[in-house]
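Visitor: Fold the following and give me the result.
(one chain, ligands or ions: 1)
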Amino acid sequence: MKPAPFDYCCPDSIDEAIEVLAANAGDAKLMAGGQSLTPMLNFRVVRPALIIDISRLLELEYVRERTDGGLTIGALTRHRILETSELVASRFPVIPETMVNVAHLAIRNRGTIGGSLSHADPAAELPMLTRLLDAQIVARSVRGERQIPADEFFVAPLTSALGDDEIVVRVELPGLPAGMGWCFQEFARRAGDFALAAVGVLLDVHDGTIREARVAMMGVGDTPLRRPEAEAALVGKSLSDGVVADAVRAACQTLEPNADLHASPEFRRHLAGVLMERTLRTAWQRAAGVKV
Ligand SMILES: Cc1cc2nc3c(=O)[nH]c(=O)nc-3n(C[C@H](O)[C@H](O)[C@H](O)COP(=O)(O)OP(=O)(O)OC[C@H]3O[C@@H](n4cnc5c(N)ncnc54)[C@H](O)[C@@H]3O)c2cc1C
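Guide: Numbering: from 1, shown residues only. Now for the predicted structure:
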């Protein structure tokens with residue numbers, strides 16, 4: 001199929017894009033890399049009267065250091081940059097480990113962080129990473145700028161907390177404690193497919209005891225998830241087999257994955273548990289300085 005007819009504009013600045021969006025709120029769609037929007041247009045899942053092409057707004061394409069050891073990432077930063085940037089890898093090694101799983105190289109060359117977060121696919125890697133990393137997503141409109149915590153941003157499948165007149169302009173990632181162990185793993189039927197389930201883990205370990213634990217999952221709920229029950233089961237402990245089993249149980253017993261053509265809820269829950277055990281063990285080793 002081909003898209004329904006639409007008008008097209010290509011603003012020269014973010015301010016112009018925001019004004020055009022406000023004047024057409026509800027009837028317009030932003031286009032960043034077009035990697036999710038184009039299929040939705042072709043299938044006529046969306047029929048906007050106007051496409052606002054922001055793909056050439058270089059002012060939104062950057063990765064900048066924050067003084068707290070974190071990063072500020074512009075909304076038009078491509079997936080491929082997050083996969084290959086040495087600065088990103090030095091501060092958040094879990095990001096490149098995750099990004100190689102996003103679709104295929106051609107899509108990673110075009111797709112953007114702002115587009116992926118706004119699209120809010122519950123099986124997409126970047127939304128899950130923002131939850132794992134306690135990100136703030138910054139949106140701008142003619143009404144001003146606001147920061148939305150990642151844990152409030154993803155509302156339902158393909159639905160975010162963004163208003164019709166808002167553009168994601170950047171993502172703030174606060175710095176992590178030095179030496180934090182990390183790991184991301186997913187299971188997909190073929191390389192490049194959306195994952196059936198995935199888990200990301202961060203462990204801050206001191207003197208053999210977990211001081212902070214973060215566990216995030218995707219593909220097993222309507223939005224990317226954090227598992228606070230599992231995090232509580234890990235803090236103050238050393239990573240024994242029993243602690244792993246308790247944490248996995250705490251994370252998975254309340255999961256309610258959806259059934260679809262690809263997997264049953266039981267299979268997705270099982271995958272989440274297996275992936276969580278593996279990611280916990282790898283993050284623990286990395287926190288101890290082992291190269292895994
Ligand atoms: C075959 C295929 C496989 C894929 N596999 C995966 C996968 O395994 N994992 C994964 O995570 N993704 C996957 N994707 C999606 C891909 O990662 C996209 O790059 C991602 O969804 C974002 O696309 P985009 O940046 O091109 O945004 P677009 O497609 O241009 O836009 C997507 C949506 O976000 C809105 N939008 C875009 N930018 C902004 C902004 N700055 N502010 C507000 N709204 C905005 C648009 O209006 C639109 O509604 C796949 C895509 C394809 C085609």
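Visitor: quick one: the helix or strand harbouring Val20 near the ligand?
Guide: Val20 belongs to helix 14-23 when assigned by DSSP states H and E. No: figure legend: helix 14-23 not in contact with the ligand (Cβ under 6 Å from any ligand atom); closest approach 8.7 Å. Using the backbone N, CA and C atoms, a C-beta is placed for each residue, glycine as well.
Visitor: Mind giving me the packing neighbours of that helix?
Guide: Other helices and strands packing on helix 14-23, by 3 or more Cβ pairs under 8 Å, 6 or more residues apart in numbering; DSSP states H and E, are strand 28-31, strand 50-53, strand 136-141, strand 167-173.
Visitor: contacting residues for Phe6?
Guide: For Phe6, the contact set (Cβ atoms under 8 Å, 6 or more residues apart in numbering) comprises Leu41, Arg47, Pro48, Ala49, Leu50, Ile51.
Visitor: and those residues, which are buried?
Guide: Among the contacts of Phe6, those classed as buried by 16 or more other Cβ atoms under 10 Å are Leu41, Pro48, Leu50, Ile51.
Visitor: ok, so what distance separates the second one from the ligand?
Guide: Using Cβ to the nearest ligand atom, to the nearest Å, we find Pro48 at a distance of 8 Å from the ligand.
Visitor: Glu152: which element?
Guide: Counting by DSSP H and E, Glu152 is part of helix 150-153.
Visitor: Buried residues, that helix. List them.
Guide: Buried residues in helix 150-153, counted by 16+ other Cβ under 10 Å: Ala150, Phe153.
Visitor: next structured bit after it?
Guide: As assigned by DSSP H and E, the chain's next helix or strand after helix 150-153 is strand 154-156.
Visitor: chain center to that next one, what's the gap?
Guide: Taking Cα atoms, centre = their mean, to the nearest Å, the mean C-alpha location of strand 154-156 is offset from the chain mean by 12 Å.
Visitor: do the same with stretch 210-217
Guide: In terms of Cα atoms, centre = their mean, the centre of stretch 210-217 is set 16 Å apart from its chain centre.
Visitor: Buried by neighbour count: which residues of it qualify?
Guide: Within stretch 210-217, the residues scored as buried using 16+ other Cβ under 10 Å are Ile210, Ala213, Arg214, Val215, Ala216, Met217.
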